[in-house]
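> fold the stuff below for me.
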Amino acid sequence: MYYRRGREIPSSGVTTGVAGATSVYVVTVIVTESLSKRFPRVTALDRLSVDIAPGVTGLVGANGAGKSTLIKILLGLAPATEGSAHVLGLDVTKDGSTIRERVGYMPEHDCLPPDVSATEFVVHMARMSGLPPTAARERTADTLRHVGLYEERYRPIGGYSTGMKQRVKLAQALVHDPQLVFLDEPTNGLDPSGRDEMLGLIQRVHRDFGISVLVTSHLLGELERTCDHVVVIDGGKLLRSSSTDEFTQVTASLAVEVTDTDAHPDGTGALRTALAAAGVAVTTAAGGSESLASSGHLLYVEAAGEETYDLVRDTVAGLGLGLVRMEQRRHQIAEVFRDADAAAQAIPAPAGAPRSPHATQDGGAHDVA
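All right, here's what the predicted structure looks like:
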């Protein structure tokens, strides 16, 4: 069974406690103020100020946006050039070892020894985190059961699939019962089914065990499904920090999808023509640019009121098409990157300045890498 160790946590935010209890509730798990990291030829972080509350938080940005650099600084493994950062109320410049005792870390790259079993490796990591031998073995068994590797726990890791190796990395991040875990691209290399399973595990980490999660991903669709809050950084700067609900709030347009028929082999085109003739504003893209749904079968209809729903329904029926869905369109996180690119293109860039890559769409998983 998982357990939560009762202990007082210094907090950089407001805390509330219960008389006689040994634990307090931390309002913020991560705080950075004007955090910068500069290298000779590049600025990895540029005056980044952000507060992250308990829960599941997504950290998203293109390759080179500063995600990995931020994690290294938060773990006390790399010094910042300027600014400050606190994790669980602890100063990263002074309390790095204490932070690493209380935080779990799942690295992106494959770094597992192939000739030992999952049990041996996770027990070793538990002992390295300070657990006594008996507790380390018990926690390892529980954690491997949680990540779905209990039956395979004695096999050498070298014979594991990519998905199983990712689960081992998750297990070693959780085995010492941390208060916070950093998961760096946890779905990297997984097929769609494996991604869904990993995302389910990540949600359980917080929901069932009360462990806060900071997860990095270049697949924006994953963050929309998994996270309570999303932090977007670009070029080391904070682009936006909002709850997922704010990112995906409903818009004033309808997303309409219809089927094709023998009479109308291009049902979407026929509906678009008919609605335009009726004076309804219709596009095949969200916000008038390249469609974030990009299947070619969605229409976005400006909804003037309830009568728009009736008009779309009657037009679809009159054409003899099948109505797959008609729903209010929600904003998507990828639009933050699209809007930022549009703003950047409106400002003339210095000659030779690089243009940063941003979000594209691939079957609902928005890739910024």
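> partners of the helix or strand residue 85 falls within in the sheet?
Secondary-structure element containing residue 85, defined by DSSP states H and E: strand 82-87. In the sheet, strand 82-87 lines up against strand 30-38 (antiparallel), strand 90-91 (antiparallel) (DSSP bridges).
> including distance to residue 323, mean pLDDT and mean neighbour count, could these go into a markdown table?
Using the backbone N, CA and C atoms, a C-beta is placed for each residue, glycine as well. Converted to a markdown table, the strands paired with strand 82-87 look like this (distance: least, C-beta to C-beta, whole Å; pLDDT from 0 to 100; neighbours: other C-beta atoms under 10 Å):
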| stretch | distance to residue 323 | mean pLDDT | mean neighbour count |
| --- | --- | --- | --- |
| strand 30-38 | 45 | 95 | 20 |
| strand 90-91 | 55 | 96 | 19 |
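> now these as TSV including distance to residue 112?
TSV is the format used below for the strands paired with strand 82-87 (distance: least, C-beta to C-beta, whole Å):
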stretch	distance to residue 112
strand 30-38	27
strand 90-91	28
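> to residue 135, which of the ones you listed lies closest?
For those, proximity to residue 135 was assessed by C-beta to C-beta; strand 90-91 is nearest, at 23.4 Å.
> please point out which parts of the helix or strand harbouring residue 47 sit buried.
Using DSSP H and E, the element containing residue 47 is strand 43-52. Buried residues in strand 43-52, defined by neighbour count with 16 or more other C-beta atoms under 10 Å: 43-46, 48, 50-52.
> then stretch 254-265?
Going through stretch 254-265 with 16+ other C-beta under 10 Å, the ones that come out buried are 254-258, 264.
> what do you get for stretch 82-90?
With the criterion 16+ other C-beta under 10 Å, stretch 82-90 contains buried residues 83, 85-90.
> next one: stretch 58-71
Of all the residues in stretch 58-71, those buried under the rule 16+ other C-beta under 10 Å are 58-62, 64-71.
> starting at the chain centroid, how far to that stretch?
Relative to the mean C-alpha coordinate of its chain, stretch 58-71 is positioned 11 Å out (C-alpha atoms, centre = their mean, to the nearest Å).
> give the rounded mean pLDDT of it.
Averaging pLDDT along stretch 58-71 yields 86.
> using CSV, write out every CA atom in the helix or strand containing residue 69.
When elements are defined using DSSP H and E, residue 69 is found to belong to helix 67-74. This file holds the C-alpha atoms of helix 67-74, laid out as CSV (Å, rounded to 0.1, in the frame of the first residue of the first chain):
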residue,chain,number,x,y,z
LYS,A,67,12.2,22.5,-20.4
SER,A,68,15.1,20.2,-19.5
THR,A,69,17.2,23.1,-18.3
LEU,A,70,14.4,24.1,-15.9
ILE,A,71,14.1,20.6,-14.5
LYS,A,72,17.9,20.4,-13.9
ILE,A,73,17.7,23.7,-12.0
LEU,A,74,14.7,22.6,-10.0
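> quick one: contacts of it?
Contacts made with helix 67-74 from outside it, assessed by C-beta atoms under 8 Å, 6 or more residues apart in numbering, are listed as 30, 32, 35, 37, 44-45, 48, 59-61, 78-80, 85, 87, 92, 99, 103, 105, 108, 182, 184, 214, 216, 233, 236.
> name the element the most far-flung residue of the chain relative to its centre belongs to?
For the chain, the C-alpha lying farthest from the average C-alpha position belongs to residue 263; by C-alpha atoms, centre = their mean, that distance is 43.6 Å. Taking DSSP H and E as the definition, residue 263 sits outside all helices and strands.
> could you do residue 240 as well?
Using DSSP H and E, residue 240 falls within strand 237-243.
> picking that back up, the residue farthest from the centre of the chain is in contact with residue 320, isn't it?
Yes - at 5.9 Å, residue 263 and residue 320 qualify as touching, with contact defined as C-beta atoms under 8 Å.
> circling back: which residues touch the strand holding residue 47?
Where contact means C-beta under 8 Å, 6+ apart, the residues beyond strand 43-52 that reach it are 13, 28-38, 66, 69-70, 73, 80, 83, 214, 229, 231, 233, 235-238, 241.
> report the rounded mean pLDDT for that strand.
Here the average pLDDT along strand 43-52 is 94.
> next SSE after that strand?
Taking DSSP H and E as the definition, the helix or strand that follows strand 43-52 towards the C-terminus is strand 56-60.
> quick check: residue 164 is in a helix.
Yes - counting by DSSP: H, G, I helix; E, B strand; the rest coil, one finds residue 164 located in a helix.
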